[in-house]
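Engineer: just a sequence and a predicted model for now, questions to come.
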Amino acid sequence: HAADARRTDLMTITRHVLNEQPKHPESKGDFTILLSHIVLGCKFVCSAVNKVLLFLFPSTIGSPIAISTSIPPSLFSQAGLAKLIGLAGETNRRPFALLSLNQGEEQKKLDVLSNEVFVKALISSGRTCVLVSEEDEEATFVDPSLRGKYCVVFDPLDGSSNIDCGVSIGTIFGIYMVKDKDNVSLDDVLQPGKHMVAAGYCMYGSSCTLVLSTGNGVNGFTLDPSLGEFILTHPDIKIPKRGKLYSVNEGNAKNWDTPTAKFVEKCKFPKDGSSPKSLRYIGSMVADVHRTLLYGGIFLYPADKKSPNGKLRVLYEVFPMSFLMEQAGGQAFTGEQRALDLVPTKIHQRSPVFLGSYDDVDEIIALYAAEE
Ligand code: AHM
Ligand code: MG
């Protein structure tokens, strides 16, 4: 049986990517190595998010060794996730000092920790040359001695407003190939999303799921905690052609432009006899996009009068998710053009985005076209 085979013949993410290698004859295993470092970052964040205590010994700063200690469940309920996860602070090395931290001090530590882990893992892979992280204002140019041919753009921990209440959050990443390894510049990452060679995200939810495309469709892997391996659980994901869900922050409705307003009105009060769509919105892009990918529907973060470019960042939010959507048979649109055609001019640039089921995105494209 197929199910039996899956249990004994484990398709790990590494094996999967190695299997794909013959499709890229020029490849020498560098991508596999790069990916294994991204996977390491995801496992680290997953374990941190899962309320494992981490602390760095002062004597090992520079080559930090992370020690993890499980906390008894009774302590979670007393302390709350928010009070257990912010342990990276330089001034708070003792695990239980954390319990007495006040509000301001504990904010966002998990983001900072995740970023550090990804940056270090990516540099030490020896396969990267430029890194752009949502957490760092400037791009990181890898020291020439450690340089490889890939550029990685990433949001190490997206959906930060959901951290403290334990709702799903995620890591998003996109990978470009450098043009000339000896002549690296920001232009290597200021490229349209269609030039990405791979993109993916990892969702830290009820399970830890990594969704990846290397340009040959989309596959989903679930972390088996007992093995510490991501196992292929969602082969060849295709998004339904039309969905029954829409996902948007309707609190911004008063500032929307006409096509967005008309579109959402149509979701709720369809005039063609179809059923209204259901609204699902978590406010965590990885979780909202993951549901959209599996169940179908549309996710939108449109422009509004206050934020004419929307909220989401082109390089490490809009592009990777648009890449995955297209690879799964869906579409992604900015309100002006195919999202993956956009040419960014700044690394932290924002863009409105509408992505999801092919037919649903077609509707919003038509509404914008009617405006012109
Ligand atoms: P963040 O990078 O500060 O976490 O913000 C990005 C998040 C996305 O995950 C999500 O889609 C969006 O912000 C939600 O924004 P809003 O709260 O305005 O609905
Ligand atoms: Mg973000």
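Structural biologist: Arrived safely, thanks for sending. Ligands and ions are numbered 1, 2, ... in the order given.
Engineer: mind listing the helices for the chain?
Structural biologist: 2-8, 13-20, 30-49, 73-79, 81-84, 103-106, 109-124, 258-268, 285-295, 319-327, 358-371 (DSSP state H).
Engineer: for the third one, what is the average pLDDT?
Structural biologist: Read that as helix 30-49. Average pLDDT, helix 30-49: 94.
Engineer: just the local confidence number for the residue of the chain found nearest ligand 2, please.
Structural biologist: Nearest residue of the chain to ligand 2 (Cβ to the ion) works out as residue 158 at 3.8 Å. Just so you know, the C-beta spots here come from the backbone N, C-alpha and C atoms, and that holds for glycine as well. Model confidence at residue 158, expressed as pLDDT, equals 95.
Engineer: rewinding a little: least reliable of the helices of the chain going by mean pLDDT?
Structural biologist: helix 73-79 (a mean of 35).
Engineer: and the protein, which residues reach ligand 1?
Structural biologist: By Cβ under 6 Å from any ligand atom, the residues of the chain that approach ligand 1 are 134, 158-160, 249, 283-285, 288, 301, 311.
Engineer: which bits of this protein sit near ligand 2?
Structural biologist: Residues of the chain found near ligand 2 (Cβ under 5 Å from the ion) are 155, 158.
Engineer: what's the single longest strand in the chain?
Structural biologist: strand 147-158 (DSSP state E).
Engineer: so which elements touch that one?
Structural biologist: helix 30-49, helix 109-124, strand 128-133, strand 169-177 (3 or more Cβ pairs under 8 Å, 6 or more residues apart in numbering; DSSP states H and E).
Engineer: would you mind checking the residues of the chain next to ligand 1 for buried ones?
Structural biologist: 134, 158-160, 284-285, 288, 301, 311 (16 or more other Cβ atoms under 10 Å).
Engineer: who does the residue of the chain closest to ligand 2 form a beta bridge with?
Structural biologist: Under the criterion DSSP bridges, residue 158 forms beta bridges with residue 170.
Engineer: wait, isn't it in contact with residue 284?
Structural biologist: Yes: if you go by Cβ atoms under 8 Å, residue 158 and residue 284 touch, sitting 7.0 Å apart.
Engineer: closest to the centroid, which residue in the chain?
Structural biologist: residue 172 (1.9 Å; Cα atoms, centre = their mean).
Engineer: what separates it from residue 284, distance-wise?
Structural biologist: 11 Å (Cβ to Cβ, to the nearest Å).
Engineer: got it, and residue 358?
Structural biologist: Distance from residue 358 to residue 284, by Cβ to Cβ: 24 Å.
Engineer: ok and the longest strand of the chain relative to helix 285-295, angle-wise?
Structural biologist: Interaxial angle of strand 147-158 relative to helix 285-295 (axes from the mean of the first three to the mean of the last three Cα atoms, to 10 degrees): 90 degrees.
Engineer: and strand 147-158, how far out from the chain middle?
Structural biologist: 11 Å (Cα atoms, centre = their mean, to the nearest Å).
Engineer: do the same with stretch 161-179
Structural biologist: With Cα atoms, centre = their mean, you get 3 Å for stretch 161-179.
Engineer: end-to-end on it?
Structural biologist: Terminal residues of stretch 161-179 are spaced 37 Å apart (Cα to Cα, to the nearest Å).
Engineer: any buried residues in it, and which?
Structural biologist: 162-164, 166, 168-178.
Engineer: also stretch 328-341?
Structural biologist: 328, 330-335, 338-340.
Engineer: and what of stretch 284-303?
Structural biologist: Using 16+ other Cβ under 10 Å as the test for burial, stretch 284-303 gives 284-294, 296-303.
Engineer: could you do stretch 260-268 as well?
Structural biologist: 260-264, 266-267.
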